[in-house]
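K.L.:
dropping the sequence and predicted coords here.
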Amino acid sequence: MFREIKNKPVRYFAILLYFVILFFCAIELNFLGLFGYSPTHRDIETPNMRIASELYTADGKLIGKYYKENRTPIEFNQLTPETINALIATEDVRFFNHWGVDIRSVFSSALSTASGDKRGASTITQQLAKNLYRTRNNKNQGLVRYIPGVRTIVYKFKEWITAMKLEGEYSKQEILTLYFNTVPFGNNTFGLKTAAKKYFNKDTEKLSVDQAALLVGMLKASTTYNPQYYPERALERRNVVLSQMEKYNYLDKQEFQKYSSRPLGLALGKVEDDSRGDSYLRSAVARYLEDWAEENGYDLYESGLKIYTTIDSKLQKYAEEAVAEQMKILQRRLDNQWQGQKPWRTSDGKEIENFALKAAQRLPYYDYLKNKYDNNQDSINYYLNLKKDMKVFSWNGEKEVRFSTLDSIEYYSKILNTGMMTLDPFTGHIKVWVGGIDFDHFKFDHVNQSKRQAGSTFKPFAYLAALESGMSPCDRFVDKPIQIAYDENNEHKVWEPKNSDYSFSWQEMTLRHAMGKSVNSITAQITEQVGWDKVVKYAHQVGIESPLKAVPSVSLGSNDVTVFEMVKAYGTFLNKGIKTEPILVKRITDHNGHLIEEFKAEQKRVLSEEIAWLMLYMFRGGMEEPGGTSRSLWEWDLWKKGNQIGGKTGTSSDFVDGWYMGITKDLVSGVWVGADERSVHFRTSGTGEGAHTALPIFGKFMEKVYRDPSTGYTYGPFPKPTVEITREYNCVTPYVEVDTTITDSVFVDSLATPDTSAIQTPVEEPTEERAPQQNNQTERNQNPAGNVQPEEPVDRRTRREINREARRQKRQEQSNN
């Protein structure tokens, strides 16, 4: 074919051109997998700039980003002429005259390189191709990457082809915009907008000439010319850019002197550095959207989504403040209780020997050490005891220490943690999400990842089963010893639950009074009468999702559940018997604001409106009944304008877990407090009960919310029933002082009292019953499904109760006025 061309130079040129075209085609087609992937026409039409997704509260406040490359895109009109001129003068002076490849620069660069003066010839469009399509990544290289020299040639040819495709698809203005949105500025900062924010704390359209020159100058080597770390180099490089602008007549001599004499003038702005989201909330949203993103073809870290959560920024702030205030107090209280002693204890109070080593052996890292040291225990122990510098969490800020691995385990095992969630059950919108005390040091989310014993906060599901069976809040049971026989795992067992003070009052109580006072014996009687399988059934029906063991102690909260599902279940009562699936995201748009998805909570009626209203009335008993375990809430400013609050405290055995579930006319909140290491806990009821650990967080939170009118949440009673209430319910127990001098207190415990049904409830300090532990022995006086370990006898402190009542009456008088 080529022999027909008689002119040899022309023939040789034609042969060369033929093989160049053939080579280009081979690269484009990735012949035999030699050259790697090349961007297709579809890739060129819809470039993926790996734009960060932004996370917003319901009221529009930006609270974080998800990204692999932290960038926020801009439009061409957000670029100043000086920024564009700085780039063209420095990187590609013939940008507006070539078609993606500057042939003149190619030959000039080749001659310079041959003479020993290595000089680049990449155009702005070629650099865009490299940044946008990662043409030099391993997965895009093919087999020729193993051949030095050839590899570089293939890179260049591929970038030429991609650059020409880009020029054919986009205008020069669009190419400049894409370029400024993709270029890296170091420290996981991508795109001009992010860089302008980071180094000058301003928008791109407000950059001065010298500031634009500094940023353009960084593109040559973002680390070498980083103005934070190498200000002298950055200043020198900036002035080189300014001199280029003068050279190509974008600046006159006087302007050059003016701008080049200026200092760097950095004004560092805050740019999120953590692609994980660096908070419990952002991590929770990532988990929440994981399936949605996969099903709809989005990448949370690259698709440039705008995600609007249901979180109320003000309520979230107040919750975080309440948590911080109370958890500092609780941590100090725990440290003081165990001062000079090891807090990790068995259920009978004995110190756990070799605690840290046993904890280390449960870690995956321990298996690595066993393999590394060939299971040599001496070597493993040496490594575990090796001291090293580290920073650890403290309530006074990060603390620099010199700890071994075992030291670190012991230190963090003593730290109390928490989880809190607030829900609007009418819409399903989650308003507050506090997954723990500090995300940087404790990644585990205590709202929906951690499962803990619910304690007495689970009792309402037994009372719900009682109402569903036909009982009313005014039905009465006697507080007396009870034995419940049952079979489990082909073994006959007997359960004898105890009350908080190891005694029984033999007093007749209404269901409302018993639930408000959290009486174990009556809850157990109800559970036996309705059936523990029914308690499990109704707990699942209203929102509990965790597996529940159907045993007599189920009503005392012996099963592990999450804060998330407890709040959801309690929300069913407030929402008139309609179970609402909580949602964390309200809507998602693309980065231009176009709606992609709107989320609605799924709802289903699971209770009658009458039963739901009666349950709310029962929850109010914690505040209104004598000895109610929620009565500590009188200490906060929550009782204006006839406000009503329902709630339930909960504490597991040995004060391991403290809970409070609070209900207002608008919201349901759940709070858990405890150490992640279950063997670490408080020692007394006065310090470790949910009423003293979790309840104050709820009280402080709601006080802050009510005091801020802008939240939109106001004082007020629960709504009146909108259906006929057919059950008797108006049976509040009267307060009656008991003359304890009638009987010698020394002999009280041995008194035989055949009939005390007429005795009214004495005024007393509220205490709560605690959940049994699971997997204990089957002897009598124990809980075979979970060893009820009652708390120590409680000081009644009648004077304190009287003072509280006086404060309550005073607040009511003020609210009436």
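P.N.:
Happy to help now that I have it.
K.L.:
from here on, contacts and neighbour counts on C-alpha atoms
P.N.:
Noted.
K.L.:
looking at this structure, which helix or strand does the model trust least?
P.N.:
Across the helices and strands of the chain, mean pLDDT, DSSP states H and E gives its lowest value to helix 798-816, namely a mean of 55.
K.L.:
secondary structure class for Thr194?
P.N.:
Under DSSP: H, G, I helix; E, B strand; the rest coil, the three-state class of Thr194 is helix.
K.L.:
kindly report the same for Gln173.
P.N.:
For Gln173, the reduced secondary structure class is helix; criterion used: three-state DSSP.
K.L.:
and the residue nearest to it when sequence neighbours are not counted, backbone torsions?
P.N.:
Taking C-alpha to C-alpha, 6 or more residues apart in numbering, and ignoring the residues beside it in sequence, Gln173 has Phe76 as its nearest neighbour in space, at 6.8 Å. Comment: the main-chain dihedrals of Phe76 come out as phi -60, psi -40, following degrees, to the nearest 10.
K.L.:
so Phe76 versus Lys568, what's the distance?
P.N.:
With the distance defined as C-alpha to C-alpha, to the nearest Å, Phe76 ends up 47 Å from Lys568.
K.L.:
so these two - more neighbours on which side?
P.N.:
Legend: neighbour count by other C-alpha atoms under 10 Å for Phe76 and Lys568, higher for Lys568 (28 against 15).
K.L.:
can you tell me the closest non-neighbouring residue to Cys474?
P.N.:
Take Cys474 and drop its neighbours on the chain: the residue closest to it by C-alpha to C-alpha, 6+ apart is Thr510, 4.9 Å away.
K.L.:
ok, that neighbour - contacts?
P.N.:
With contact set as C-alpha atoms under 8 Å, 6 or more residues apart in numbering, Thr510 has these partners: Pro473, Cys474, Asp475, Arg476, Phe477, Cys731.
K.L.:
just the buried ones from these?
P.N.:
Buried subset of the contacts of Thr510 (neighbour count, 16 or more other C-alpha atoms under 10 Å): Pro473, Cys474, Asp475, Arg476, Phe477.
K.L.:
tally of neighbours for Lys202?
P.N.:
A count of nearby residues for Lys202, using other C-alpha under 10 Å, gives 17.
K.L.:
just say helix, strand or coil for it.
P.N.:
With three-state DSSP as the criterion, Lys202 was assigned coil.
K.L.:
quick check on it: phi, psi?
P.N.:
Dihedral angles phi and psi of Lys202 (degrees, to the nearest 10) take the values phi -150, psi 170.
K.L.:
over to the one 10 residues further on?
P.N.:
Note on Ala212: its backbone torsions stand at phi -60, psi -40 [degrees, to the nearest 10].
K.L.:
need the contact list for it.
P.N.:
When contacts are taken as C-alpha under 8 Å, 6+ apart, Ala212 is in contact with Glu82, Thr83, Ala86.
K.L.:
now with 10 Å, please.
P.N.:
With contact taken as C-alpha atoms under 10 Å, 6 or more residues apart in numbering, Ala212 is in contact with 79-87, 192, 196, 204, 206, 238, 241-242.
K.L.:
between those residues, which is closest to Ile663?
P.N.:
When those are compared for distance to Ile663 (C-alpha to C-alpha), Ala196 comes out closest, at 46.7 Å.
K.L.:
can I assume the closest one is in contact with Gly269?
P.N.:
Yes. Between Ala196 and Gly269 there is a contact under C-alpha atoms under 10 Å: 8.6 Å.
K.L.:
out of the two, which sits in the more crowded spot?
P.N.:
For Ala196 versus Gly269, the count of surrounding residues by other C-alpha under 10 Å is larger for Ala196: 24 against 15.
K.L.:
could you report the pLDDT at Ser652?
P.N.:
Ser652 is assigned a pLDDT of 93 by the prediction.
K.L.:
show me where the stretch 401-550 of the chain has its helices.
P.N.:
In the stretch 401-550 of the chain, helices defined by DSSP state H, counting those that start in this stretch lie at 405-413, 460-468, 511-517, 520-530, 532-542, listed in chain order.
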